[in-house]
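[1] Quick one, fold the following:
(chains A and B)
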Amino acid sequence: MSPIRNQIRPDLAVIASHVTPGSRVLDIGCGDGELMLALRGKDCDVRGIEIDGDCVERCVSQGLSVVQGDADRDLADYPDKGFDYAILSQTLQTAARPDRMLDELLRVGRRAFVSFPNFAHWRTRAALMFGGRMPVTRAIPVSWYATQNIHHVTVKDFRDLAAEKGARIEREWFFAGERQLGRAGANGRAEFAVFELSR
Amino acid sequence: MNARSETLVLPAPLPLDGGGELARVEVAYETYGALNEDRSNAILLCHALTGDQYVASPHPITGKPGWWERMVGPGKPIDTDRFHVICANVIGSCMGSTGPASEASDGRPYAMRFPVITIRDMVRAHVGLLDALGIEQLHAVVGGSMGGMQALSLAANWPERASRVLVIASTSRHSAQNIAFHELGRQAVMADPRWNQGDYYGGEAPDSGLAVARMAAHITYLSEEALTGKFGRNLQDRDAKSFGFDADFQVESYLRYQGSGFTQRFDANSYLYITRAMDYFDLAEEHGGKLADAFAGTSARFCLVSFDSDWLYPTAESRHVVHALNAAGAAVSFVELSAPHGHDSFLLDVPALDRVIGGFLG
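    Have a look, this model is predicted:
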């Protein structure tokens, strides 16, 4: 593994290692292209969507195919099942309508990876219960008034939404910081969750 | 940088979209950098409406530096140490390729007998040049503004000829507003009595009309912010308004200078023909009305760039193309860059553009 691969965020690392080599992948909210670069190393045909122009410029200048756009609106342009995987990392909770976003994800991709910060983590719960204030934690580092996270979600909520949308959870991973956790008690123990879905 | 000026006579008459053909077609072009052994490092650069092939060499009439010297050269984003850059004067123009000022078979200038041409006709001539040069597949086709239209047209109509397509500050179709500004320019030319139905070669050219056309067009190339920043309401070489119609304001003086300078280097009839070709451009219409169909099955990688201050070909036009490319499943990048200069940003100092171009060309 290259040093860069070692440093990538744990949710991205788990996604990168579970995408089949040579796949067609759409990375929605691809940021600086960290995951795209890792997937390009696996001979994947990777495309990205990113709203921030500076991020897009950095991606394009590294030779990545990234379109500056708003996933809430622009996913509609992509054909049905045009990708083997649609990936939404740390972006679901920023969507105007996460439920519709999930539908779109499962429309454009045969499979989807979704990662998000879990709002039911014990630290978040404690901050609310004992502090009485909206939590600011290492997983949710920005104050309530400045955060892009407009739809906080928990592991249980996400499982419910997936069921409601007829999505099958193929695999799931949970993390506290860099450390991977088991499934037991994940809703209280996990800071981040990653799900692989199909429909 | 071993720039070479060449002129090719196409081996066969050029069929035209408007019907008929152009019998003898000359294509004047410049090249920079060496073509590699397997002829795989060529980049076709397509120039804009009033541009020419002198991308990175001095203009033979004005002596000014090439129009994209900041982008094209050794170690620059379009690196002539690595790439063989070709830029051809479009047909219909006046810098050596066949146009209305060229001699027809009767030995007299075509003038308005020159056929109305399209962007695709221009590109067909470029493809003829590539054939003659033995270049089957370009590393990239690159163009801004009308050059971007040519790049899109090449990608849609000769999809195997370019593996990368870079389109800057451009559009897949001329809007009503684009056509309106061009019509204003054409009417200014044709209202000049010296235009004489296009038959002015050997006499006085319709410079006043062409200058007005250029002045109007020049405004569309700049943003309001750029004009304000550059000139504001500043007066030109005077302390007070003259209460007359001299160029009191700096912006007036600037536009007059731009207008008259342009007439030194450009043919009025070429201006009519090329603006017409741009107005006729509608890539979707050529492909059954659906833009995505223009790119069906393409294996080229695309990159589109727009500028936030460009109101001539605004970001929405680039997005429109990007949506079609996505629907066609093409590999596409798109970025809207922030630059204050308006449409002309693609020619000016925008470091982010250098990075995007360098990165995309690989």
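
[2] Thought B:S338 was touching B:D308, still the case?
    Yes: the pair B:D308 / B:S338 is scored as a contact, 5.1 Å apart, by C-beta atoms under 8 Å. Where you see a C-beta, it was placed from the backbone N, CA and C, and this is true even at glycine.

[3] neighbour-wise, which of the two wins?
    Set B:D308 next to B:S338 and count neighbours by other C-beta atoms under 10 Å in any protein chain shown: B:D308 wins out with 16 against 13.

[4] give me every residue that touches that one.
    B:315, B:336-339 (C-beta atoms under 8 Å, 6 or more residues apart in numbering or on different chains).

[5] and with 10 Å instead?
    Counting by C-beta atoms under 10 Å, 6 or more residues apart in numbering or on different chains, B:D308 touches A:53, B:223, B:314-315, B:336-340, B:342, B:345.

[6] tell me, what's touching B:D308 and B:S338 both at once?
    Joint contacts of B:D308 and B:S338 (C-beta under 10 Å, 6+ apart) are A:53, B:345.

[7] Mind jotting down where the strands sit in the stretch 101-250 of chain B?
    B:140-144, B:164-168 (DSSP state E, counting those that start in this stretch).

[8] Pick the most buried one from the ones you listed.
    strand B:140-144 (a mean of 29; mean count of other C-beta atoms under 10 Å in any protein chain shown).

[9] Give the other helices and strands that that strand contacts.
    In this structure, strand B:140-144 makes packing contacts with strand B:42-46, strand B:84-88, helix B:119-133, helix B:146-157, strand B:164-168, strand B:301-307, helix B:351-361, judged by 3 or more C-beta pairs under 10 Å, 6 or more residues apart in numbering or on different chains; DSSP states H and E.

[10] let's see it at 6 Å
    On a contact count with 3 or more C-beta pairs under 6 Å, 6 or more residues apart in numbering or on different chains; DSSP states H and E, strand B:140-144 meets strand B:42-46, helix B:146-157, strand B:164-168.

[11] What does the pLDDT read for residue 187?
    In the absence of a named chain, this looks at chain A. Here the pLDDT value assigned to A:N187 is 96.

[12] look at chain B instead
    B:Q187 is given a pLDDT of 98.

[13] again, but for the one 4 residues further on
    Predicted confidence (pLDDT) at B:A191: the value is 98.

[14] give me the number of residues near it?
    That count, for B:A191 with other C-beta under 10 Å as the rule, works out to 13.

[15] May I ask you to confirm that A:F116 is in contact with A:S89?
    No: the criterion here is C-beta atoms under 6 Å, and A:F116 misses it with A:S89 at 8.4 Å.

[16] quick one, which of those two is more surrounded?
    A:F116 (27 against 22).

[17] Format the CA atom coordinates belonging to the helix or strand that contains that one as PDB.
    A:F116 is part of strand A:109-117 when elements are defined by DSSP states H and E. Only the C-alpha atoms of strand A:109-117 are listed here, as PDB (Å, rounded to 0.1, in the frame of the first residue of the first chain):
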ATOM      1  CA  GLY A 109     -25.600   2.200  -9.300                       C
ATOM      2  CA  ARG A 110     -26.100  -1.500  -9.200                       C
ATOM      3  CA  ARG A 111     -24.700  -1.300  -5.700                       C
ATOM      4  CA  ALA A 112     -24.200   1.600  -3.300                       C
ATOM      5  CA  PHE A 113     -21.900   2.500  -0.500                       C
ATOM      6  CA  VAL A 114     -23.100   5.000   2.000                       C
ATOM      7  CA  SER A 115     -21.100   6.300   4.900                       C
ATOM      8  CA  PHE A 116     -22.300   8.800   7.500                       C
ATOM      9  CA  PRO A 117     -21.600  10.000  11.100                       C
END
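
[18] Compute the mean per-residue pLDDT across stretch B:132-140, please.
    For stretch B:132-140, mean pLDDT rounds to 98.

[19] and if you look at stretch B:249-262?
    Stretch B:249-262 carries an average pLDDT of 97.

[20] Have a look at chain A and report the helix or strand with the lowest mean pLDDT.
    When the helices and strands of chain A are scored by mean pLDDT, DSSP states H and E, helix A:3-7 comes last with a mean of 53.

[21] what packs against the following helix or strand past that one?
    The element immediately downstream of helix A:3-7 (helix or strand, assigned by DSSP H and E) is helix A:10-18. On a contact count with 3+ C-beta pairs under 6 Å, 6+ apart, helix A:10-18 meets helix A:34-40, strand A:192-198.

[22] What about the closest residue to chain A within the stretch 151-300 of chain B, how many residues nearby?
    Sorted by distance to chain A under C-beta to the nearest C-beta, the residues of the stretch 151-300 of chain B start with B:A292, at 9.1 Å. For B:A292, the count of nearby residues is 19 (other C-beta under 10 Å).

[23] for B:I219, same thing?
    Neighbourhood size, B:I219 [other C-beta under 10 Å]: 16.

[24] Now for B:S223: which residues touch it?
    Contact partners of B:S223, counting by C-beta atoms under 6 Å, 6 or more residues apart in numbering or on different chains, are B:309, B:342.

[25] Sounds good, over and out.
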